[in-house]
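Asker: sequence-free structure coming up:
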């Protein structure tokens, strides 16, 4: 038996005091298996929020078509925060919920291709990807290095 563990048994109620004698019915004791001051650790499989910036570029496309396609992508992918675009490139920023960076990056790398047909996106290629955790994003914004908090949500030209 581990030190500090009390065996079960004893009184009619089955409750046992630390000393081994039965406890009176209705009496509770503090759990001793977890220290009161122990730090809580999140389970490893708990999803976290990741800030994703996806950059795409390619041949020129009409601005109206690019805007319409990005608006459709925002409709199809509800976590889309903001898109900036020109006739030959675009940048998409959004939050992704994923177990770890690898999962968030994998989803981001599939986003453009999977929505190309349904949203009518230009046949551009992904030329950049940044995935950072929520704390890093918040730190960058606080230090003035991230996108300004007042950046409007939606689809905007450069």
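Answerer: Received, thanks. Here the structure is a predicted model, which is why all the values come from computation and not from measurement. Residues are numbered from 1 along each chain as shown.

Asker: C-alpha from now on. contacts and neighbour counts both.
Answerer: OK.

Asker: show residues contacting stretch 50-65.
Answerer: 86-98, 101, 104-105, 108, 122-134, 137 (Cα atoms under 8 Å, 6 or more residues apart in numbering).

Asker: let's see it at 6 Å
Answerer: 87-96, 124-134 (Cα atoms under 6 Å, 6 or more residues apart in numbering).

Asker: show me which helix runs longest in this protein.
Answerer: helix 101-119 (DSSP state H).

Asker: among the contacts of stretch 50-65, the buried ones, what's the ChimeraX command?
Answerer: Here is the ChimeraX command that picks out the buried ones among those, judged by 16 or more other Cα atoms under 10 Å:
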select :87,88,89,90,91,92,93,94,95,96,124,126,131,132,133
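
Asker: show me the contacts of stretch 50-65 that map onto helices.
Answerer: Among these, the members found in helices (DSSP H) are residue 134.

Asker: grab the nearest non-local neighbour of residue 67.
Answerer: Excluding its sequence neighbours, the residue lying closest to residue 67 (Cα to Cα, 6 or more residues apart in numbering) is residue 155, at 6.9 Å.

Asker: residues contacting that neighbour?
Answerer: 82, 83, 84.
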